[in-house]
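S.K.: Following is a predicted model, sequence given first.
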Amino acid sequence: MVYADGPAWPLRQKRRRITEMATYPRVLRCVLVQLRQMPYRLRSSKGEVVNWLSKARNRCLSARTGMGQTMKLRLIFALLLVPFPSFFKVWMYRIGFGYKIGRQVKIGFSAIIADECSIGDRSRIGHLNVFYRNQNLRIGSDVIIGFANRIFGGKLLDIGDKCHIHRFNEINSILDPLVLGDFDPTLELGEGSVITVNHKIDFTDRVTFGPSVVFAGRNSNIWTHNRQKTAPVSIGRNCYIGSNVQFVAGSSIGEYCVLALGSIVTKNIEGSWKIVAGMPAQVKKDLDEDSKVLVTYPTRPDLEGAEGALPVA
């Protein structure tokens, strides 16, 4: 028996046949569903056919907005995976999400929701971390991500080998920002960089850490936006950044520098082997030989060793 709305298939059979086409892209699948109903629709009156064609077009156009729904489904499934053991979670992320995860990777009670994700060998992600709406998440080898970090948004997050992000840090790019001009929501952490506790890093525009940067202490902030304007921030290699410092949009600091606690960096500070301090921050003096250990001591002694790193008394 045929009705104006199509064949009298049971609802369960309709759902099963639509599910069989799950390998097609969302928009193509919607078009195919509408084409399957066309022979039955053409038996109806002209007015009903025109009405059906209009509705079919709207359904296919609305399918283009399914990306947000896909991200919501990923979020739900990732949260459901949180209590499972690491080996099962890694397997599901590989098979179900398509993430590229290396050997001996450990993932605690955390969730990763990204368009693309790769994690290098022997990296460890602790408990209560959330990665959300990252377009391209790259985590190198031997990386440690500690406890209760929130890492949201961004076009590219490149966490280099041997990096260590401790706990309670908020690292995010504004989701769907309204800004003037071009911007590059990218965070690059050089090899061996360390971010300690309770810092805020905004990478609505590009933020770059050179290799072996220590973002030390607590309560420091990096800002790359000022209402609708953005500008990048960069920290040179082997810099030691003290507690409670501020970087404003468009600021930077050179290589092998020590930034004193409480400083506010408002411009590009050039030079190497310097002590930088003040509000606004400026170069105060050169690092003496005994103080150079602050920027040369290994950031990961567990991997690199520390023999010979301290000056001789």
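M.R.: In hand now; what should we look at?
S.K.: rest of the way, CA atoms for contacts and neighbours
M.R.: Noted.
S.K.: G153 touches N136, doesn't it?
M.R.: No: judged on Cα atoms under 8 Å, G153 makes no contact with N136 at a distance of 9.5 Å.
S.K.: For the residue lying closest to P85 once chain neighbours are set aside, give me phi and psi.
M.R.: Setting aside the residues directly before and after it, P85 is nearest to G108 in space (Cα to Cα, 6 or more residues apart in numbering), at 7.4 Å. For G108, the backbone dihedrals are phi -80, psi -150 (criterion: degrees, to the nearest 10).
S.K.: G181 and T230: what is the separation?
M.R.: Counting by Cα to Cα, to the nearest Å, the gap between G181 and T230 amounts to 8 Å.
S.K.: Please identify which of the two sits among more neighbours.
M.R.: Relative neighbour count places T230 above the other of G181 and T230, with 24 against 8, counting by other Cα atoms under 10 Å.
S.K.: nearest residue to the more buried one other than its sequence neighbours?
M.R.: T224 is the one closest to T230 (Cα to Cα, 6+ apart), at 5.4 Å.
S.K.: who's I151 bridged to?
M.R.: With DSSP bridges as the criterion, I151 is bridged to F131, I171.
S.K.: Against L180, how distant is it?
M.R.: Per Cα to Cα, I151 is found 24 Å from L180.
S.K.: Those two: which is more packed in?
M.R.: Between I151 and L180, I151 has the larger neighbour count (other Cα under 10 Å), namely 21 against 10.
S.K.: quick one: that one and F168 touch, right?
M.R.: No: at 10.4 Å, I151 does not count as touching F168 under the criterion of Cα under 8 Å.
S.K.: in the stretch 51-200 of the chain, which segments are predicted with low confidence?
M.R.: Applying pLDDT under 70 to the stretch 51-200 of the chain flags residues 51-70.
S.K.: One more pass at 50, please.
M.R.: Counting by pLDDT under 50, the stretch 51-200 of the chain contains low-confidence residues at 57, 61, 63-66.
S.K.: Tell me who's in contact with the residue minimising distance to the centre of the chain.
M.R.: Nearest residue to the geometric centre of the chain (Cα atoms, centre = their mean): N134, 3.8 Å. Applying Cα atoms under 8 Å, 6 or more residues apart in numbering, we find N134 in contact with I113, A114, D115, E116, F152, G153, G154, K155, L156, L157.
S.K.: Please report how far the nearest residue to the first one once chain neighbours are set aside lies from M92.
M.R.: So that's I113. The shortest distance from I113 to any non-neighbouring residue, by Cα to Cα, 6+ apart, is to Y132 (4.8 Å). With distances taken as Cα to Cα, Y132 is found 17 Å from M92.
S.K.: Those two: which is more packed in?
M.R.: Neighbour comparison, Y132 and M92: the larger count goes to Y132, with 21 against 16 (by other Cα under 10 Å).
S.K.: which residues does that one contact?
M.R.: Shown in contact with Y132 (Cα under 8 Å, 6+ apart): L75, I112, I113, A114, I151, F152, G153.
S.K.: what's near enough to touch the first one?
M.R.: Applying Cα under 8 Å, 6+ apart to L75 gives the contacts I113, Y132.
S.K.: still on that earlier bit, closest one of the contacts of N134 to A249?
M.R.: When the contacts of N134 are compared for distance to A249 (Cα to Cα), G154 comes out closest, at 16.6 Å.
S.K.: could I have stretch 184-193 exported to CSV, CA atoms only?
M.R.: This file holds the C-alpha atoms of stretch 184-193, laid out as CSV (Å, rounded to 0.1, in the frame of the first residue of the first chain):
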residue,chain,number,x,y,z
ASP,A,184,46.2,33.2,13.7
PRO,A,185,44.8,31.1,16.7
THR,A,186,47.9,29.0,17.1
LEU,A,187,49.8,27.9,20.2
GLU,A,188,53.4,26.5,19.8
LEU,A,189,55.3,25.2,22.7
GLY,A,190,58.9,24.4,21.9
GLU,A,191,60.6,21.2,23.0
GLY,A,192,61.0,20.9,26.7
SER,A,193,58.9,23.9,27.7
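S.K.: Identify the residues contacting it?
M.R.: So stretch 184-193 is in contact with 154-164, 173, 203-215, 237, 299-300, going by Cα under 8 Å, 6+ apart.
S.K.: what do you get if the cut-off is 7 Å, keeping everything else the same?
M.R.: Outside stretch 184-193, the residues that touch it by Cα atoms under 7 Å, 6 or more residues apart in numbering are 154-164, 173, 203-214, 299-300.
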